[in-house]
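Just need the structure, nothing else, for what follows:
(chains A and B)
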Amino acid sequence: MSVRTRFAPSPTGYLHIGGARTALFSYLYAKKHGGQFILRIEDTDEKRTVEGATEALMDDLRWLGIRWDEGPDVGGDAGPYIQSERRELYHQWAHWLVDNGHAYKCFATAEELAEMREAQIAAGQQPHYDRRYRDTPADEVAKLESAGREYVIRFKMPLDGQTVVPDEIRGDITFENSQLTDYVLFKSTGLPTYHLAVVIDDHFMGITHITRGDEWVNTAPIHVNLYKAFGWEMPVLAHFPVILNPSGKGKLSKRTQSFQDGDTLVLVKTSEFQENGYLPTALVNFLTNIGWAFGDDVEIFTPEESMERFELADINPAAASMPYSKLDWINNQYIMQLTPEALTEQLMPFIERQNLPVTQEQIAVLAPVVNMRLKRLTDIYDQLQFLIVDETVSLTADRLVHKKMGPEAAIAAFTAARDFISDIDDAYFTVEGISERLRAIGEIHTENEKAGPFLGTARLALTGQKVSPPLFESIIAMGRETALERLDRAIATLSG
RNA sequence: GCCCCGUUCGUCUAGCGGCCUAGGACGUAGCCCUCUCAAGGCUAAAACACGGGUUCGAGUCCCGUACGGGGCACCA
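Reported below is the predicted structural model:
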């Protein structure tokens, strides 16, 4: 039988980075075995369902390159893939459980339950449902029902003994049944709770491996007992460790927090990563490295490569925090792998978004030399600074004179450079065409015949910055006119 | 509080009883390269939470303690 896994988010907002990793691991595992990866939307909580969230979730998954074989948009033989469209099925099986003695109707009202909890707490007990309707006689139930009383359907959990949850990552986890109670399977609203829906859907969708975050470990005994009650074969279970805040304190927040630099940044929805200049390929690589390792000391790899080795049993069960600085490094590695053309293409939307006065041609000139300077695509803004604002206007003479050159030599060098750039043919106004000569000019006019000092002041004169992208590329990017204008200004400043 | 899970450099991890004087990566520091900044190369500092067992031998197995995380809804 082929492996089938699923990712089953609730449509309550954007894809959380932890959810993205859960989806990714599930996807990798299915694909490693040539199986299917299914997307299912769990919208049984009407109050929390957010309009448009399903589309947003799918967009985020697509952006990451995670493709599902069956799902709400593409369909499939086991559909529908949205739980709210499967009400009949849940209703039918919930009542099957009641009819077969595995579940019962509970007529307790919310106030009644609240009262019960208060009393338990006052008595120093753990608050828990006291199974008050578990053994209500059939005629009594019928009476309550015909009186129009609302009810939920609760599962008859075993009263004693143990339930063993076999987990692919952690091994067998044993729970004392006396610690558990009769959970609600079917709400008075006519919709199932997660526990009922997940078991029914996973069964009828032929899911072979249930993969999910480990916040579900404690409720897994319900699922195990439900499978037993239904007489269905239990899929393999794997609970992934949670991702912690960068500080290592607490679960990565679900709230959208503002993007901060350094260790404190906490990002949530995937599109936030996109907006902040991360490549999906890099993010996927990064995420795969949390809780799982490629092996052989390899850090950079494609999803296809990781698929060959990916095993659920190899996942590290310990919670991990997000190593964001490593994300930046990986992102930079992927940016450097891009061809200049591909990088230019990635960069242009960021230029357009900010409405910067920079052309695609200029980006293309700089792409090959700024790629290793970009941790994030948004770092391009810093690199482009000299094209966006002209800071050379505020330069003073003393800043344009290097101590190894002196004022005379500086003027001579700048003049030579100006004349050269002014006279050169268009065909030679290229990085190759100008670099050798400009370097030579620097060497001639400097004490120790090193080009460094002149190139440093030239950088300042031409970009207005002490730090800039490589000088020759910057000159070509700004164009002859701008370069001459700025050199003239420098010469005037030095002469004045 | 109760129940589950976890604990290797600051962080992500390798390690599945002897190959470990504990390996890699990020980050940090230094050096080299160099037109600045990067990138790249080299080097350095940096960890088996603690206490008991088991064993000829424990980072690796068992128990306890501490700490961390998760869960205790008609939410998922």
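
what bits of chain A have low per-residue confidence?
A:247-250, A:253-270 (pLDDT under 70).

longest helix of it?
For chain A, the helix with the greatest residue count under DSSP state H is helix A:406-423.

what packs against the following helix or strand past it?
Using DSSP states H and E, the helix or strand that follows helix A:406-423 in sequence is helix A:431-444. The contact analysis (3 or more C-beta pairs under 8 Å, 6 or more residues apart in numbering; DSSP states H and E) places helix A:431-444 against helix A:406-423, helix A:452-463, helix A:471-478. From N, CA and C alone the C-beta is placed, and that goes for glycine too.

A:Arg6 against A:Ile207, yeah?
Yes - A:Arg6 is in contact with A:Ile207 according to C-beta atoms under 8 Å; the separation is 5.5 Å.

which neighbours do these two share?
Counting by C-beta atoms under 8 Å, 6 or more residues apart in numbering, the shared contacts of A:Arg6 and A:Ile207 are A:Ile38.

higher neighbour count, these two?
Using other C-beta atoms under 10 Å as the criterion, A:Arg6 and A:Ile207 rank with A:Arg6 on top: 29 against 24.

how about the nearest residue to the more buried one, chain neighbours excluded?
Of all residues not flanking A:Arg6 in the chain, A:Ile38 sits nearest, at 4.0 Å (C-beta to C-beta, 6 or more residues apart in numbering).

For burial, what's the neighbour tally of that neighbour?
Using other C-beta under 10 Å, A:Ile38 is surrounded by 27 other residues.

now it, what's its secondary structure?
strand (DSSP: H, G, I helix; E, B strand; the rest coil).

Convert the C-alpha atoms of stretch A:461-473 to PDB, please.
The C-alpha coordinates for stretch A:461-473 follow below in PDB (Å, rounded to 0.1, in the frame of the first residue of the first chain):
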ATOM      1  CA  ALA A 461      33.600  60.900  -4.500                       C
ATOM      2  CA  LEU A 462      31.500  58.700  -6.700                       C
ATOM      3  CA  THR A 463      29.100  57.100  -4.300                       C
ATOM      4  CA  GLY A 464      29.300  59.400  -1.300                       C
ATOM      5  CA  GLN A 465      29.900  56.300   0.900                       C
ATOM      6  CA  LYS A 466      32.800  54.800   2.500                       C
ATOM      7  CA  VAL A 467      31.200  51.400   1.900                       C
ATOM      8  CA  SER A 468      29.700  50.600  -1.400                       C
ATOM      9  CA  PRO A 469      29.400  47.800  -4.000                       C
ATOM     10  CA  PRO A 470      32.600  47.300  -6.000                       C
ATOM     11  CA  LEU A 471      33.700  50.600  -7.500                       C
ATOM     12  CA  PHE A 472      33.900  49.800 -11.200                       C
ATOM     13  CA  GLU A 473      30.500  48.100 -11.300                       C
END
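
Next, see if that stretch gets close to RNA strand B.
Yes - judged by C-beta under 7 Å from any atom of the strand, stretch A:461-473 comes into contact with RNA strand B at A:466-472.

Max pairwise distance over the residues you listed: which two?
Taking C-beta to C-beta, the two most distant members of the residues of stretch A:461-473 next to RNA strand B are A:Lys466 and A:Phe472; they sit 17.0 Å apart.

contacting residues around stretch A:456-473?
Contact with stretch A:456-473 is made by A:365-366, A:368-370, A:373, A:383, A:385-386, A:389-395, A:399-402, A:405, A:410, A:413-414, A:417, A:431, A:434-435, A:438, A:442, A:455, A:474-475, A:477-478, A:483, A:486-487, A:489-490, as judged by C-beta under 8 Å, 6+ apart.

What is the burial count for the residue nearest to A:Ala367 when sequence neighbours are not counted?
Excluding the flanking residues, the one nearest A:Ala367 by C-beta to C-beta, 6+ apart is A:Pro340, at 4.1 Å. Other residues within reach of A:Pro340, judged by other C-beta under 10 Å, total 16.

so A:Pro340 makes contact with A:Val365?
No - using C-beta under 8 Å, A:Pro340 makes no contact with A:Val365, being 9.1 Å away.

Quickly list what the closest residue in space to A:Gly79 that isn't next to it in sequence is bridged to.
The spatially closest residue to A:Gly79, leaving aside those adjacent along the chain, is A:Glu70, at 7.1 Å (C-beta to C-beta, 6+ apart). Beta bridges link A:Glu70 to A:Ile38 when assigned by DSSP bridges.

Take the helices and strands packed on helix A:431-444 and write them to JSON lines, including mean neighbour count.
Formatted as JSON lines, those follow (neighbours: other C-beta atoms under 10 Å):
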{"stretch": "helix A:406-423", "mean neighbour count": "18"}
{"stretch": "helix A:452-463", "mean neighbour count": "22"}
{"stretch": "helix A:471-478", "mean neighbour count": "22"}
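
Would you mind telling me which of these is nearest A:Glu88?
Nearest of those to A:Glu88, taken as C-beta to C-beta: helix A:471-478 at 63.9 Å.

who in the stretch 101-250 of chain A is up against RNA strand B?
A:108-110, A:113, A:126-129, A:150, A:152, A:170-171, A:173-176, A:179, A:184, A:187-189, A:191, A:193-194, A:214-219, A:241-242, A:244, A:248-250.

Neighbours of A:Glu112, how many?
Applying other C-beta under 10 Å, we find 12 residues neighbouring A:Glu112.

Can I take it that it is in a helix?
Yes - the assignment for A:Glu112 is a helix, going by three-state DSSP.

Quick check: the gap between it and A:Asp130.
A:Glu112 sits 11 Å away from A:Asp130, taking C-beta to C-beta, to the nearest Å as the criterion.
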